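Q: Predicted model and sequence below, questions to follow.
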Amino acid sequence: MRKPRTIFKMAAFSIVMFQFADIGQAQTVFGPGASATGTQSTAIGENANASGDGGTALGYGSSAIGDWQTTAIGTNASAVGDGSTAVGGTANAGGRDSIAVGNNSSSAGIYGTAVGSSASAGGTASVAIGSGSSSVGYRGISIGDNANAAGGSAIAQGAFASASADYSNAIGQASQATGVGANAFGSGAQATNVGASAFGDGAQASGSSAAAFGHYAGAAGDESGAFGYNAKANAVSSNAFGANSTANAANSVALGNASSADRGAQSNYKAAYLNTPQNSVGEVSVGSPGAERQITNVAPGSAGTDAVNVNQLNGAVAQFGGNINSIQNDIIDLQNGVADAKDLAKAAGALGLAAGQLRYDDRPGKLSLGVGGGFFEGQGAAIVGMGYTSDDQFWRANVSGGVARNSNAGIGTGVTFTLN
């Protein structure tokens with residue numbers, strides 16, 4: 001009994017299709033209120049409408065109204081743009097050659113593609129894939145639940161990922177790239193300034209052209225870089241390398257786990273062994289207070305601003321020590337010479353005092369002998385002299401010699417003439 005009924009229904013359907021089909025236009029219409037007015041168009045479903053050539057409208061209230069080759073499948077689906085395709089309840093393909101697949105999906109841009117419930121491709125050649133995903137910018141791509149690519153040529157991939165600026169990229173769940181040319185890769189990664197890049201879960205690059213690489217890494221300063229877990233580069237042109245490293249001073253570098261660079265540039269400071277004030281543009285730190293590190297395998301410095309290794313320092317100390325020994329010997333010689341000079345001076349003083357004690361007999365024809373002694377600054381001296389006066393007292397002569405306590409000796413002589 002079931003087979004004859006099926007045959008009857010098929011025959012009835014064929015009769016209806018034949019009645020609504022124009023042999024010249026090859027249109028196919030089925031359903032109350034359905035309309036197929038385009039050449040080789042098909043409208044199936046209550047109030048379905050296929051007005052464009054080659055158009056296909058399948059479903060209640062579906063509309064394929066583009067001029068050619070449009071397809072609308074689903075309740076109230078609408079394919080408006082030429083060559084567009086809308087599949088799903090209330091799906092709308094408004095742009096030429098656009099595709100909208102999914103309930104409430106929308107593809108308004110030319111060559112746009114929206115796939116997923118409430119997905120929206122509004123920009124030219126844009127792509128939105130995923131429930132609630134949106135791609136508004138020119139050639140933007142959004143992939144993932146509620147992903148959003150608002151900028152031109154932007155890419156957002158991952159649930160709630162957002163690339164809102166031109167040429168920006170956000171890859172990862174809830175990642176955000178809001179600066180022009182910014183890149184955010186990783187769950188919760190944020191690149192919020194022009195040219196900023198954040199790579200790693202929770203990484204943040206908020207400075208212009210800043211880069212943050214690593215889980216929770218942060219680059220807040222313009223042109224700064226943070227590399228490693230929780231590394232932070234907070235100042236302009238600062239760099240932090242290593243887990244938990246921090247660079248808070250501009251133009252400074254923190255190297256190594258938990259290293260910190262906080263001092264930064266110094267101006268007009270006094271450096272050891274230099275007579276003029278010095279200036280620096282930043283610092284390089286390889287540790288932190290209480291957690292210092294050695295720098296090993298350092299080649300000997302060759303220029304005035306190069307680092308010096310221990311071998312060079314030891315050589316300098318050895319040379320300085322040799323110079324010190326030589327200077328010490330010179331000082332000893334000088335001290336000895338000064339002591340000798342002092343002794344000679346004291347001896348001369350004692351001899352002078354002793355000579356002053358000599359007295360001669362000035363009577364005519366007398367030969368006399370004198371003895372004198374002297375003491376000066378701890379030095380003693382004795383002197384003996386002889387004097388003679390001529391019978392006519394015209395001339396007088398004397399000679400004397402003495403010796404000091406330290407064996408210093410001296411001799412003197414003299415002649416005196418009476419002229420009137």
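A: Perfect, thanks for sending it.
Q: just for this structure, where's the confidence low?
A: Applying pLDDT under 70 to the chain flags the ranges 1-25, 316-317, 320-323, 354, 405-408, 410, 412, 414-416, 420.
Q: 50 instead?
A: Scanning the chain with the threshold set as pLDDT under 50 gives 1-24.
Q: And it, split by domain according to the record?
A: Listed by automatic domain parsing, the domain ranges of the chain are 165-291, 354-417.
Q: Against which helices or strands is the longest helix along the chain packed?
A: The longest helix of the chain (DSSP state H) is helix 310-355. Contact here means 3 or more Cβ pairs under 8 Å, 6 or more residues apart in numbering; DSSP states H and E; on that basis helix 310-355 packs against strand 367-376, strand 379-389, strand 395-404, strand 409-417. Bear in mind the C-beta positions are built from the backbone N, C-alpha and C, glycine included.
Q: repeat that for 7 Å
A: If you count contacts as 3 or more Cβ pairs under 7 Å, 6 or more residues apart in numbering; DSSP states H and E, helix 310-355 packs onto strand 367-376, strand 379-389, strand 395-404.
Q: rewinding a little: how about the domains of the chain in CSV, adding mean neighbour count and distance to T39?
A: Shown next, in CSV, are the domains of the chain (neighbours: other Cβ atoms under 10 Å; distance: least, Cβ to Cβ, whole Å):
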stretch, mean neighbour count, distance to T39
domain 165-291, 21, 42
domain 354-417, 16, 140
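Q: Please identify which of those is closest to S126.
A: domain 165-291 (13.0 Å; Cβ to Cβ).
Q: Export the domains of the chain to JSON lines and append columns for distance to A149.
A: Conversion of the domains of the chain to JSON lines gives the following (distance: least, Cβ to Cβ, whole Å):
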{"stretch": "domain 165-291", "distance to A149": "8"}
{"stretch": "domain 354-417", "distance to A149": "104"}
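Q: Leaving out the residues flanking it, which one is nearest to V298?
A: N309 (4.5 Å; Cβ to Cβ, 6 or more residues apart in numbering).
Q: Give the burial count for that neighbour, as a bare number.
A: 15 (other Cβ atoms under 10 Å).
Q: what do you get for A93?
A: Neighbours of A93 under the rule other Cβ under 10 Å: 33.
Q: list the contacts for the closest residue to it other than its chain neighbours?
A: Closest residue to A93 apart from its sequence neighbours, by Cβ to Cβ, 6+ apart: S84 at 3.6 Å. By Cβ atoms under 7 Å, 6 or more residues apart in numbering, the contact set of S84 is 66, 70, 93, 95-98.
Q: And S84, how close does it get to A26?
A: In this structure, S84 and A26 are separated by 21 Å, where distance is defined by Cβ to Cβ, to the nearest Å.
Q: that older thread, adding distance to I295, write the helices and strands packed on helix 310-355 out as JSON lines.
A: What follows is these, written out as JSON lines (distance: least, Cβ to Cβ, whole Å):
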{"stretch": "strand 367-376", "distance to I295": "65"}
{"stretch": "strand 379-389", "distance to I295": "63"}
{"stretch": "strand 395-404", "distance to I295": "66"}
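Q: and A36, which of the ones you listed is closest to it?
A: Closest approach to A36 among the helices and strands packed on helix 310-355 (Cβ to Cβ): strand 379-389, 143.5 Å.
Q: Just want the angle from that closest one to strand 367-376.
A: Compare the direction of strand 379-389 with that of strand 367-376 by axes from the mean of the first three to the mean of the last three Cα atoms, to 10 degrees and you get 160 degrees.
Q: list the helices and strands strand 379-389 packs on?
A: The contact analysis (3+ Cβ pairs under 7 Å, 6+ apart) places strand 379-389 against helix 310-355, strand 367-376, strand 395-404.
Q: the inter-axis angle of that strand versus strand 395-404?
A: Counting by the same axes, to 10 degrees, strand 379-389 points 160 degrees away from the direction of strand 395-404.
Q: Show me the contact partners of strand 379-389.
A: 346-347, 349-351, 354-355, 358, 360-374, 396-405.
Q: Could you find the closest non-adjacent residue to Y360?
A: G387 is the one closest to Y360 (Cβ to Cβ, 6+ apart), at 2.9 Å.
Q: how far away is the one you found from G290?
A: Separation of G387 from G290 (Cβ to Cβ): 89 Å.
Q: repeat for E283
A: Distance, E283 to G290, using Cβ to Cβ: 17 Å.
Q: And for N297?
A: Plainly put, N297 is 24 Å away from G290 if you go by Cβ to Cβ.
Q: swap in K346?
A: Separation of K346 from G290 (Cβ to Cβ): 62 Å.
Q: do D361 as well
A: 94 Å.
Q: same check, this time on A231
A: Distance, A231 to G290, by Cβ to Cβ: 20 Å.
Q: Quick check: the one residue sitting closest to the centre of the chain vs W68, distance?
A: Nearest to the geometric centre of the chain sits N239, at 2.5 Å (Cα atoms, centre = their mean). Separation of N239 from W68 (Cβ to Cβ) stands at 59 Å.
Q: again with R139
A: Distance, R139 to W68, using Cβ to Cβ: 25 Å.
Q: Look up phi and psi at T305.
A: phi -100, psi 10 (degrees, to the nearest 10).
Q: burial of it, as a residue count?
A: 5.
Q: Q294 too?
A: A count of nearby residues for Q294, using other Cβ under 10 Å, gives 7.
Q: residues touching it, list them.
A: Contacts of Q294 by Cβ under 7 Å, 6+ apart: none found.
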